[in-house]
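Participant: Give me coordinates for this.
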Amino acid sequence: QVQVVESGGGLVQPGGSLRLSCGASGSILSFYHMAWYRQAPKKQRELVAAVIRGGDMTNYADSVKGRFTISRDNAKNTVYLQMNSLKPEDTAVYYCNTVQWATMTPGSGSWGQGTQVTVSS
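Facilitator: This next block holds a predicted model:
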């Protein structure tokens, strides 16, 4: 089972940027389609962005299209989420996990602790 560790969250002002990173020890992320998810207080977890195994295909939630970019460096066993033009409604805990490409639903990986992103002035 894939076990990941997320990092890079923090407090940022509206319009700012952050880059999240997702790594794994003991798992080879290049075997999996990967995605970033987020969960805001009192809301269900939602998929934000996904990247196919080889990195040449991506998918985004409408709410982040044009602002967020998902990428992966399989040589470094790392998946990234570059977040630009952040809005207060992007505030959430962000998680990295595998994704089932056909359904855009979480795969069988374990959920990590996530990383908190807070967008506020």
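
Participant: going forward, measure contacts and count neighbours with C-alpha atoms only.
Facilitator: Noted.

Participant: wouldn't residue 30 be in contact with residue 51 here?
Facilitator: No: Residue 30 is not in contact with residue 51 according to CA atoms under 8 Å; the separation is 10.6 Å.

Participant: More neighbours: those two, which one.
Facilitator: For residue 30 against residue 51, the residue with the higher neighbour count under other CA atoms under 10 Å is residue 51, and the figures read 25 against 19.

Participant: What count of nearby residues applies to the residue nearest to the more buried one when sequence neighbours are not counted?
Facilitator: Nearest in space to residue 51, with sequence neighbours left out and distances taken as CA to CA, 6 or more residues apart in numbering, is residue 58 at 4.4 Å. A count of nearby residues for residue 58, using other CA under 10 Å, gives 17.

Participant: Could you do residue 76 as well?
Facilitator: The burial count assigned to residue 76 is 12, neighbours taken as other CA under 10 Å.

Participant: Am I right that residue 48 falls within a helix?
Facilitator: No: following the definition DSSP: H, G, I helix; E, B strand; the rest coil, residue 48 is strand and is not counted among the residues of a helix.

Participant: Find me the pLDDT at the closest residue to residue 40 other than its chain neighbours, would you?
Facilitator: If the residues on either side of it in the chain are set aside, residue 40 comes closest to residue 92, at 4.2 Å by CA to CA, 6+ apart. For residue 92, the model assigns a pLDDT of 98.

Participant: Pretty sure residue 92 sits against residue 36.
Facilitator: No: Residue 92 is beyond contact range of residue 36, at 11.8 Å (criterion: CA under 8 Å).

Participant: where in this structure is pLDDT low?
Facilitator: Along the chain, the model assigns pLDDT under 70 to no residue.

Participant: tell me which element the residue nearest to residue 93 when sequence neighbours are not counted is part of?
Facilitator: When the adjacent residues along the chain are set aside, residue 93 lies closest to residue 116, with 4.3 Å between them (CA to CA, 6+ apart). With secondary structure defined by DSSP states H and E, residue 116 is part of strand 115-119.

Participant: Could you point out the longest strand of the protein?
Facilitator: strand 92-100 (DSSP state E).

Participant: partners of the helix or strand just after that one, with directions?
Facilitator: Towards the C-terminus, the helix or strand next in line after strand 92-100, according to DSSP H and E, is strand 105-106. Strands adjacent to strand 105-106 in the sheet, as given by DSSP bridges, are strand 92-100 (antiparallel).
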